[in-house]
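Novice: no FASTA, just this:
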């Protein structure tokens, strides 16, 4: 396939990757429609990509070289046990072959790699799309204007406008719990002393009844930072709407949410890790409800979904960024070998639809085991932890996503 006009709705990680992929594969005109006008590179949350996925994506060109990353090697699961000191007691240690990234730095690297021929428009709010068959797709923008393209790719996240047109009955479902997120300058840890599992290459998972917290280092614009993600049910009086929980952006926590977090750290965390997370500036702390969703289809007609627009996966699987980049890679490969748009979309649906559903199922199992139905972690040894972990994986080889090719 050569030529054609492509609109990519959404200009973050998935959107940049898709735009680059189809432009390099031979699309004629590619336009990215990104709703925000702000600086996306300022988003400072952490994420991880499995080393094998990173190598695969680097070879395909989907993950550009030179983006700052921090090497991780092992993951230690700890519980509070005052007899074992301020760092708690390690119940199990497992390999963790990942690299961590700063969301904004990763996005910036992907944005820099977008070919110059691609038109990237910020402040372009898409309010709806309509597949008109042989005549193309109409894209409606805020303000009333309508644009027409040969293909529209939805890379616009879990509230995707494109998905609403392709799969109107698919909606993200609240999992019943939230995550508190934050990060801070890793140099601040020096004032707390040291514990065995605070080494830079170690991921620490603090386990407690009804939740867990993952803590690891990420690169930052001004040096290493400590990133943490704490999963637990929210307080009843925290200001979250029942049935449709609201995200609280950095610096926007209610006093009830902030107090609940402080009490949780004091009550459940090993003292060292409770004090560490308390170092986070309120301006860098926020709450995000956890959702998941699988779609009946990811491509049909002249519409296609990528990243979180195609499937919303709970973060426990550590696969979100890799999955988005794999979607872009699959689209580029399909573009090169397909003789028609119909063939392209059929092949994409067969491969990426199944991959998304598999990730959703695994992340649900992980969420149930690590938040909704937590075991008696304090009474488990390494053997029991390993068996518990394998029970969550089922047939999956591990977390972080699968290779695109066997």
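Specialist: Cool, got the structure. Computed from a prediction, not measured in an experiment: that's the story for all the values here.

Novice: what does the helix or strand hosting residue 385 contact?
Specialist: Using DSSP states H and E, residue 385 maps to helix 382-393. Helix 382-393 is touched from outside by 77, 91-94, 362, 365-366, 369-370, 375, 377, 380, 399, with contacts defined as Cβ atoms under 8 Å, 6 or more residues apart in numbering. In short, each C-beta sits where N, CA and C put it, glycine included.

Novice: please repeat the previous calculation with a cut-off of 10 Å.
Specialist: With contact meaning Cβ atoms under 10 Å, 6 or more residues apart in numbering, helix 382-393 is reached by 77, 90-94, 207, 316, 362-370, 375-377, 380, 396, 398-399.

Novice: ok, stretch 330-338 next?
Specialist: 1-2, 4, 6, 17-18, 20-27, 60-62, 151, 153, 299, 304, 306, 341, 343-352, 355, 404-405.

Novice: how far does it sit from its chain's centre?
Specialist: Between the centre of stretch 330-338 and the centre of its chain there are 24 Å (Cα atoms, centre = their mean, to the nearest Å).

Novice: where does the stretch 51-200 of the chain dip in pLDDT?
Specialist: Across the stretch 51-200 of the chain, the ranges flagged by pLDDT under 70 are 196-197.

Novice: could you pull out the strands for it?
Specialist: Taking DSSP state E, counting those that start in this stretch to define them, one finds strands in the stretch 51-200 of the chain at 70-79, 89-102, 119-122, 126-131, 137-141, 146-149, 151-154, 173-185.

Novice: could you identify which of those is most buried?
Specialist: Of all the strands of the stretch 51-200 of the chain, strand 151-154 has the most neighbours on average by mean count of other Cβ atoms under 10 Å, namely a mean of 30.

Novice: my guess is residue 51 contacts residue 318. True?
Specialist: No - the criterion here is Cβ atoms under 10 Å, and residue 51 misses it with residue 318 at 11.8 Å.

Novice: now do the shared contacts for those two.
Specialist: Common neighbours of residue 51 and residue 318 (Cβ under 10 Å, 6+ apart) are 96, 98, 400.

Novice: distance to residue 13 added to those, as JSON lines?
Specialist: As requested, these are exported to JSON lines (distance: Cβ to Cβ, whole Å):
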{"residue": "96", "distance to residue 13": "22"}
{"residue": "98", "distance to residue 13": "16"}
{"residue": "400", "distance to residue 13": "16"}
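
Novice: just those now: which is nearest residue 281?
Specialist: Using Cβ to Cβ, residue 98 is the member of those that sits closest to residue 281, with 25.9 Å.

Novice: so that closest one versus residue 158, what's the distance?
Specialist: 23 Å (Cβ to Cβ, to the nearest Å).

Novice: still on that earlier bit, comparing residue 51 and residue 318, which shows the higher neighbour count?
Specialist: Legend: neighbour count by other Cβ atoms under 10 Å for residue 51 and residue 318, higher for residue 318 (24 against 16).

Novice: rewinding a little: so of the contacts of helix 382-393, which ones are in helices?
Specialist: Residues of the contacts of helix 382-393 located in helices (DSSP state H): 362, 363, 364, 365, 366, 367.

Novice: can you mark which positions in stretch 362-382 are buried?
Specialist: By neighbour count on 16 or more other Cβ atoms under 10 Å, the buried set for stretch 362-382 is 362-371, 374, 377, 380.

Novice: sorry, back to before: would a markdown table of the strands of the stretch 51-200 of the chain with distance to residue 110 be doable?
Specialist: Listed next are these as a markdown table, based on distance: least, Cβ to Cβ, whole Å:
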| stretch | distance to residue 110 |
| --- | --- |
| strand 70-79 | 18 |
| strand 89-102 | 11 |
| strand 119-122 | 11 |
| strand 126-131 | 20 |
| strand 137-141 | 22 |
| strand 146-149 | 22 |
| strand 151-154 | 15 |
| strand 173-185 | 20 |
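
Novice: for residue 283, find the nearest of the ones you listed.
Specialist: Closest approach to residue 283 among the strands of the stretch 51-200 of the chain is made by strand 173-185 (9.6 Å; Cβ to Cβ).

Novice: might one say that residue 272 is in contact with residue 265?
Specialist: No - taking contacts as Cβ under 10 Å, residue 272 lies outside contact range of residue 265: 11.0 Å.

Novice: count the residues that sit near residue 226.
Specialist: If you count neighbours by other Cβ under 10 Å, residue 226 ends up with 25.

Novice: cool, and residue 289?
Specialist: 19.

Novice: quick one: residues contacting it.
Specialist: With contact set as Cβ under 10 Å, 6+ apart, residue 289 has these partners: 172, 174-179, 234, 240-241, 244-248.

Novice: just confirm it is within a strand.
Specialist: Yes - Residue 289: assigned to a strand according to DSSP: H, G, I helix; E, B strand; the rest coil.

Novice: which residues does it bridge with?
Specialist: residue 178 (DSSP bridges).

Novice: give me the pLDDT value at it.
Specialist: With respect to pLDDT, residue 289 has a value of 92.

Novice: go on, the one 4 residues further on?
Specialist: You'll see residue 293 listed with a pLDDT of 94.

Novice: give me the three-state assignment for it.
Specialist: Strictly by three-state DSSP, residue 293 counts as strand.

Novice: gap between it and residue 24?
Specialist: Residue 293 is 30 Å from residue 24, by Cβ to Cβ.

Novice: what's the closest non-adjacent residue to residue 252?
Specialist: residue 286 (6.7 Å; Cβ to Cβ, 6 or more residues apart in numbering).

Novice: just residue 378 next, same as before
Specialist: residue 79 (4.8 Å).

Novice: for that neighbour, give its distance to residue 284.
Specialist: 26 Å.

Novice: so who does residue 303 touch?
Specialist: Per Cβ under 10 Å, 6+ apart, neighbours of residue 303: 9, 129-131, 137, 151-154, 162-163, 165-167, 297, 345.

Novice: per-residue pLDDT, it?
Specialist: What the model reports for residue 303 is a pLDDT of 98.

Novice: now do residue 266
Specialist: So residue 266 comes in at 97 (pLDDT).

Novice: hang on, the earlier thing: quick check: angle from the helix or strand where the residue nearest to residue 252 lies to strand 173-185?
Specialist: Using DSSP H and E, residue 286 sits within strand 285-294. Relative orientation of strand 285-294 and strand 173-185, computed by axes from the mean of the first three to the mean of the last three Cα atoms, to 10 degrees: 140 degrees.
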